[in-house]
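Q: here's my sequence, what's the structure:
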Amino acid sequence: MSDSGPMKKITEKVKDAVEAVAPDRRPEVPGAPGAAPAEVAEPTEPREPLPPKPDQGAPAPLSATGRGPQDGAAARSQDGAYLTSAQGARLPDSDHSLKAGPRGPVLLQDHHLREKITHFDHERIPERVVHARGAAAHGVFEGYGAAGSVCKAAFLGKGVQTPVFTRFSTVLGSRGSADTVRDTRGFATKFYTDEGVFDLVGNNIPVFFIQDAIKFPDVIHAGKPHPDREIPQAQSAHDTFWDFVSLHTEATHHTLWNMSDRGIPRSYRMMEGFGVHTFRLVNAEGGTSLAKWHWKPKLGVHSLVWEEAQLIAGADPDFHRRDLYDAIEAGAFPQWELGVQVFPDTPGQTFEGIDLLDPTKIVPEELAPVQPVGLLTLNANPTNFFAEVEQVAFHPGHLVPGIDITDDPLLAGRLFSYLDTQITRLGGPNFAQIPINRTHAPVNDMLRDGFHQDAVHTGVAPYKPNSLDGGCPFFAGTDAHAFVEHPLPVAAATKVRQAPASFDDHFSQARLFWRSMTPVEREHIIAAYGFELGKCYEQAVKERALRTLANIDPFLCAQVAQGLGLPAPEPTEVPGDTVPSPALSQLGRTWPVAGRTIGLVADPTGDLATLASLRRAVLDADMVPLVIAPTGGRLTREGTDPVTVQRTFATARSVEFDAIVLLGAPAPAADATAGRDAKAGAGGAPGPVDPRIVLMLGEAWRHAKALGATPAARRALDAAGIAPDAPGVVVADDTGALLDGLTGLLAAHRAWDRFPPPTEAAR
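A: Below you'll find the predicted structure:
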């Protein structure tokens, strides 16, 4: 071998590099296992990882699409003007398979066909077992600095801004189900903190169906479609669900929440979120508190009414997803305050007689106020739904210093289940390396290999202790923001399969919730139980469910029983008296109207100047005006600026709008025939007003929505049978007065006094 041979050059390169790291080590032959010599004693002084050995190369730091880090956020997007293979080879054709002649057989050697079809065959990943139907957005969380006395988590510090990704979802339905079904909603937020990822994985209902995770497969199997027919989809209105919850009465409290208006939220932007479980918070001095997490929407908590939800499911099954993304695109960024209820960390882990480890219980806010600790703002939509919304992986065990778990038996099971699910669904243990899941903190985990390993690890000693990698990585202490589980004493006990006696109370908090509802909310609950149980086939299931309702409230039970044509049973348990919690009701307060949608019904023969003025005023009030006219295009009149039409009488439906304003009484349009548009009615002589507008007004009236009209539109109100002085109706010639009246109604969400409930429901 010559002095200038390849081995000679490599050896000299190794020697030069090693001298820079460890000048006293000068190997004459290759084969050193690490980039620096090992020490006899285990290294204990923390240091950065050793560099790669000089003879080692690594893949170029390019993105999955071949772009460099200099491209910033665009590095993950496609690159180049030409269509290529997955390996970057430019392609001249992607419309024709490679064949033996134009009419000949397709050749097996067509590598482009095989790559394209193979990838297509594997585009879909298994959908989530629960929470399959969801939408998500990027945002930022800013701490108020108010939590320092109870929690040392850095992201809660005053002014600290943390990137987040928040996903909302339904629980039972498949990815293809509708948004507005009656169901619990997921509310999960991933905080990319400097101390690691923190996932706050909760729901829009503060309690759960079960107290122990071992029952989770049971409640989900019961709620999912029947296994023989795979129906009904995304619904609890069937026998298996009610069979389970009527036999397993710890589900009573959550079921009642689900039957309330909370089960059909108006918007993700108007939905509360809860951590469900009790967590342990640790402050900088090591002191601990127990706490429950709450998300409070700035726009208030609002819901749909049941018929409205059903109509939306057919007219726009993507209603909640569209509402979220349109609001963000329009700059009406949704916001929630993060708050905590804080309790003393006592050995019994109870507060005011409420077992804090029971996930079927709440602590009323009147007993423990929710203290705001930060503000969440969602300000950016996903770039790619699959890469972000579908591949995001949450886990309640993703914690940061200052936030620890408790012995809640439901939480314990989630700590296993979430991780296990992500490994299966996302193809292996490296799901944390998918871009949407990547932490923004340094990672040196010693985890290696596995499916879809994107990292190119260096070093030779992915184990502890080691000396070949200089001892790196080192253990961190609390002074280095290590996550250290709180050293909670564990009492001596016998291994048993049972729950504490305090978990046996299944009805008192359900009664608390019922008594906290306003009369109109109680009417909605009665109707929901009547609908759901009316869909069941088995009489035994209905009768058993009524026994559960009797233990909540006799009036509730009697009203549902009447609708089912069954006798109301006597209660088997008489819960103790409860003090109502006004915080549980969605009614009785006023809220901002930003982002509300106003339908402006235009008469092409009417006053376009008034229409344009009102449209401008709605925009200036941070609401969204949608002009509805007989046909699309633009409404024009000499001397008046044209007005663009967003909806036609054929395409508009009342459920799109929070309020409707009539600026005239438009005559039937040319397409107002039953053969052209079924909403136009069954035929016969047309009335003076387009029947689609009459239908829209009737629906909006039944759904307690605000209605406005100019005097020129009185004929349309008359056609719909709506009195101009009826509750929730504003008639005014002045557009300012008209909009002021509507804004006042919208602040309460709906004209709730339009349909006063029976007096018995108010007791």
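
Q: was I right about residue 556 contacting residue 513?
A: No: at 10.9 Å, residue 556 does not count as touching residue 513 under the criterion of Cβ atoms under 8 Å. Heads up, the C-betas are built off the backbone N, CA and C, glycines and all.

Q: low-confidence regions, the protein specifically.
A: 1-28, 575, 682-685, 759-763 (pLDDT under 70).

Q: at the geometric centre of it, which residue do we find?
A: residue 168 (0.9 Å; Cα atoms, centre = their mean).

Q: which SSE is the residue nearest to residue 218 when sequence neighbours are not counted in?
A: Ranked by Cβ to Cβ, 6 or more residues apart in numbering and with sequence neighbours excluded, the top spatial neighbour of residue 218 is residue 244, at 6.6 Å. Assigned by DSSP states H and E, residue 244 belongs to helix 239-247.

Q: in that helix, what's buried?
A: 239-246 (16 or more other Cβ atoms under 10 Å).

Q: just checking, what packs against it?
A: helix 216-223, helix 539-550 (3 or more Cβ pairs under 8 Å, 6 or more residues apart in numbering; DSSP states H and E).

Q: helix or strand right after the strand or helix carrying residue 116?
A: Following DSSP H and E, one finds residue 116 within helix 111-121. Using DSSP H and E, the helix or strand that follows helix 111-121 towards the C-terminus is strand 134-143.

Q: and of the helices and strands packed on helix 239-247, who's closest to residue 71?
A: helix 216-223 (42.7 Å; Cβ to Cβ).

Q: in the stretch 501-650 of the chain, which spans are strands?
A: 597-601, 624-629, 634-637, 640-644, 647-648 (DSSP state E, counting those that start in this stretch).

Q: how far does the helix holding residue 244 sit from its chain's centre?
A: 26 Å (Cα atoms, centre = their mean, to the nearest Å).

Q: can you get me a residue count around residue 687?
A: Residues lying near residue 687 (other Cβ atoms under 10 Å) number 14.

Q: who's in contact with it?
A: Applying Cβ atoms under 8 Å, 6 or more residues apart in numbering, we find residue 687 in contact with 668, 694, 719.

Q: turn the residues you listed into a markdown table, including neighbour count.
A: Output for these, formatted as a markdown table (neighbours: other Cβ atoms under 10 Å):
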| residue | neighbour count |
| --- | --- |
| 668 | 20 |
| 694 | 24 |
| 719 | 18 |
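
Q: about what we covered before: distance of the residue nearest to residue 218 relative to residue 230?
A: Separation of residue 244 from residue 230 (Cβ to Cβ, to the nearest Å): 18 Å.

Q: same check on residue 473?
A: When residue 473 is compared with residue 230 (using Cβ to Cβ), they lie 49 Å apart.

Q: swap in residue 352?
A: Relative to residue 230, and taking Cβ to Cβ, residue 352 is found at 45 Å.

Q: how about residue 267?
A: The separation that residue 267 has from residue 230, given Cβ to Cβ, amounts to 29 Å.

Q: if I read this right, residue 476 contacts residue 444, doesn't it?
A: No: Residue 476 lies out of contact with residue 444 (Cβ under 8 Å); the separation is 10.5 Å.

Q: got a list of what residue 65 touches?
A: 75-79.

Q: is it possible to export those to TSV including secondary structure?
A: Formatted as TSV, the contacts of residue 65 follow (DSSP: H, G, I helix; E, B strand; the rest coil):
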residue	secondary structure
75	helix
76	helix
77	coil
78	coil
79	coil
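
Q: which of the residues you listed are buried?
A: 75-76, 79.

Q: let me know the closest of those to residue 259.
A: Closest to residue 259, out of all of these and judged by Cβ to Cβ, is residue 76, at 43.7 Å.

Q: I'd say that closest one and residue 66 touch.
A: No: using Cβ under 8 Å, residue 76 is not in contact with residue 66, being 10.6 Å away.

Q: what sits opposite residue 280 in the beta ladder?
A: Beta-bridge pairing for residue 280 (DSSP bridges): residue 290, residue 404.

Q: that one: what's it in contact with?
A: 288-291, 345, 403-406, 486, 488.

Q: 6 Å - rerun?
A: Listed by Cβ atoms under 6 Å, 6 or more residues apart in numbering, the contact set of residue 280 reads 288, 290, 404, 406, 486.

Q: let's have those residues in a markdown table, adding neighbour count.
A: Output for these, formatted as a markdown table (neighbours: other Cβ under 10 Å):
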| residue | neighbour count |
| --- | --- |
| 288 | 17 |
| 290 | 23 |
| 404 | 18 |
| 406 | 19 |
| 486 | 14 |
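
Q: distance to residue 252 for those residues - can I get that in JSON lines?
A: Shown next, in JSON lines, are those (distance: Cβ to Cβ, whole Å):
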{"residue": "288", "distance to residue 252": "32"}
{"residue": "290", "distance to residue 252": "24"}
{"residue": "404", "distance to residue 252": "30"}
{"residue": "406", "distance to residue 252": "23"}
{"residue": "486", "distance to residue 252": "33"}
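
Q: name the nearest of those relative to residue 758.
A: residue 290 (41.4 Å).

Q: how about residue 693, secondary structure?
A: Residue 693 is classified as helix under three-state DSSP.

Q: count the neighbours of it for me.
A: 29.

Q: got it, and residue 482?
A: 11.

Q: pretty sure it contacts residue 476?
A: Yes: shown here, residue 482 and residue 476 form a contact pair, counting by Cβ atoms under 6 Å, at 3.9 Å.

Q: mutual contacts of these two, please.
A: With Cβ under 6 Å, 6+ apart, residue 482 and residue 476 have no common neighbours.

Q: quick revisit: may I see the buried residues of the helix holding residue 116?
A: 112-113, 116.

Q: check stretch 334-344 too.
A: 334-343.

Q: just stretch 126-139 next, same as before
A: 128, 130-139.

Q: and which of those residues is nearest to residue 502?
A: Nearest to residue 502 among those, with distances taken as Cβ to Cβ, is residue 130, at 27.4 Å.

Q: quick check: phi and psi on the residue nearest to the closest one when sequence neighbours are not counted?
A: Using Cβ to Cβ, 6+ apart and skipping the chain neighbours, the partner closest in space to residue 130 is residue 171 (5.1 Å). When read as degrees, to the nearest 10, the backbone of residue 171 gives phi -100, psi -50.
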